[in-house]
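Colleague: My questions are about this predicted structure, shown below with the sequence.
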Amino acid sequence: MSRPALAYEPGASRLHRATPRASVALLGVLVAVAFAYASPIVLLGVGAAAAAVGLLAGAGRAVRAGLLLSLPLLLVMTLVNGLVYHRGDTVLVRGWDLPAIGTTDVTLESLVAGAAIGLRVVVVILAFAVYSACVDPDRVLRGLRPLAKHSALTAALVNRLVPVTVADLGRLREAAALRGPGAEPVGSAALARRLVAGSLDRTVDVAATLELRGHSLPTRARLERERSLADRPLLLAAAAIAGLALAAGLAGAGGFETYPRVRLALDAPTMILALALPALATAPVLRDGLALPWRGRRRPEPVAGASRA
């Protein structure tokens, strides 16, 4: 069975080898810039940065899946905003004046405003798709365990039991199909009842196992800091992006207005920010991407200070 496109897949890139805090810092600062700027030019730069980081880290399937998921949302948001929000001076489609709804004109400004909102959604989904494919969830849970032991345990159980439940549903459907053509068809309600009953039985077994292993005893969690040689380039890139975004904002970059008319700033600070974002974001993983077509599979770098699973 092939791994889902948005599932974590081990790799040898710096984004994979780094500790979760470094990878989250790089991807998180891109999301922060996307929320801080409304200019489509800056958002395109952020989207190009997130997509390039994913491609260079070997997460091309996740990038494609993120685009397939988000581009229809972009189209829907553009159309819906154009149909329900009628501000703007440039009327593209002259509608009717209805008593309860008002005017139904479609303006260029409302379409552009909806497209800008949808573009931000595309950028955020791309960043989270790269995170999902490149950041090991087990290492994230290990890092959260000293801070929120019960929440980390709950998340770990969800990560493990949801795929098991999906596999159980597949086995139940296969068993129902093998009963023969003369058997009564098994409906969705019957499958759901059996699936829930099996899940409850498994939950009781898991709870008993956790109690036997001492998870109910009061213990003091010990904070263990993971370290990796790949952290510094990612953290430096995240700091450079944050500093550049702050400086560009102080210089007036990213000017964008949709009402009453569309005004998009094309000044030097905006263009520098949009072009520099992909360069800064891909600098830590550029070497990994250039070696990707020729390198073989290699074991990930051992992480100092990491506890055994």
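Modeller: That came in fine, so what should we check first? Since the structure is predicted, the reported quantities are computational estimates derived from the model, not experimental observations.

Colleague: tell me which residues in stretch 274-288 are buried?
Modeller: For stretch 274-288, the buried set under the neighbour-count rule, 16 or more other CB atoms under 10 Å, comprises 274, 276-286, 288. (Glycine included, C-beta is placed from N, CA and C.)

Colleague: And the helices in the protein?
Modeller: For the chain, applying DSSP state H gives helices covering 14-17, 20-36, 40-56, 60-84, 108-134, 137-144, 149-177, 188-212, 231-250, 268-282, 286-291.

Colleague: Looking at those helices, spot the one closest to Thr90.
Modeller: With CB to CB, the closest approach to Thr90 among the helices of the chain belongs to helix 108-134: 3.9 Å.

Colleague: Tell me which other helices or strands that closest one touches.
Modeller: Other elements packing on helix 108-134 under the criterion 3 or more CB pairs under 8 Å, 6 or more residues apart in numbering; DSSP states H and E are helix 14-17, helix 20-36, helix 40-56, helix 60-84, strand 91-93.

Colleague: Nearest to Val124 among these would be which one?
Modeller: helix 20-36 (5.6 Å).

Colleague: Same list (the helices of the chain) but as TSV, adding mean pLDDT and distance to Arg3.
Modeller: Output for the helices of the chain, formatted as TSV (pLDDT from 0 to 100; distance: least, CB to CB, whole Å):
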stretch	mean pLDDT	distance to Arg3
helix 14-17	91	15
helix 20-36	94	19
helix 40-56	96	15
helix 60-84	93	9
helix 108-134	94	10
helix 137-144	77	13
helix 149-177	78	11
helix 188-212	86	23
helix 231-250	95	24
helix 268-282	95	24
helix 286-291	71	20
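
Colleague: out of these, nearest to Val91?
Modeller: Per CB to CB, nearest to Val91 of these: helix 108-134, 8.0 Å.

Colleague: what separates the closest one from the chain centre, distance-wise?
Modeller: Centroid separation for helix 108-134 versus its chain: 11 Å, with CA atoms, centre = their mean, to the nearest Å.

Colleague: residue closest to the middle of this structure?
Modeller: The centre of the chain sits closest to Phe128, judged by CA atoms, centre = their mean, with a distance of 1.3 Å.

Colleague: about what we covered before: please tabulate the helices and strands packed on helix 108-134 in TSV, including the columns distance to Leu108 and mean neighbour count.
Modeller: Formatted as TSV, the helices and strands packed on helix 108-134 follow (distance: least, CB to CB, whole Å; neighbours: other CB atoms under 10 Å):
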stretch	distance to Leu108	mean neighbour count
helix 14-17	40	25
helix 20-36	23	21
helix 40-56	14	24
helix 60-84	9	17
strand 91-93	6	12
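
Colleague: Among the ones you listed, which comes closest to Ala251?
Modeller: Set against Ala251 and scored by CB to CB, the helices and strands packed on helix 108-134 come closest in helix 40-56, at 12.8 Å.

Colleague: Check this structure for me, the residue farthest from its geometric middle.
Modeller: Taking CA atoms, centre = their mean, the residue of the chain most remote from its mean C-alpha position is Gly182, at 46.7 Å.

Colleague: how far away is that one from Leu75?
Modeller: Remark: distance between Gly182 and Leu75 (CB to CB, to the nearest Å) = 48 Å.

Colleague: Can you check the distance spanned by stretch 259-275, start to finish?
Modeller: This stretch, stretch 259-275, spans 27 Å end to end (CA to CA, to the nearest Å).

Colleague: buried sites along it?
Modeller: Here stretch 259-275 shows 262, 265, 269-270, 272-274 as buried, counting by 16+ other CB under 10 Å.

Colleague: Quick check: of these, which lies closest to Ala52?
Modeller: Nearest to Ala52 among these is Ala274, at 13.2 Å by CB to CB.

Colleague: Hmm, that closest one is touching Gly47, no?
Modeller: No: counting by CB atoms under 8 Å, Ala274 stays clear of Gly47, with 10.2 Å between them.

Colleague: Please report the number of neighbouring residues for the closest residue to Ala276 other than its chain neighbours.
Modeller: Using CB to CB, 6 or more residues apart in numbering and skipping residues adjacent in sequence, the residue nearest Ala276 is Leu244, 5.9 Å away. Applying other CB atoms under 10 Å, we find 18 residues neighbouring Leu244.
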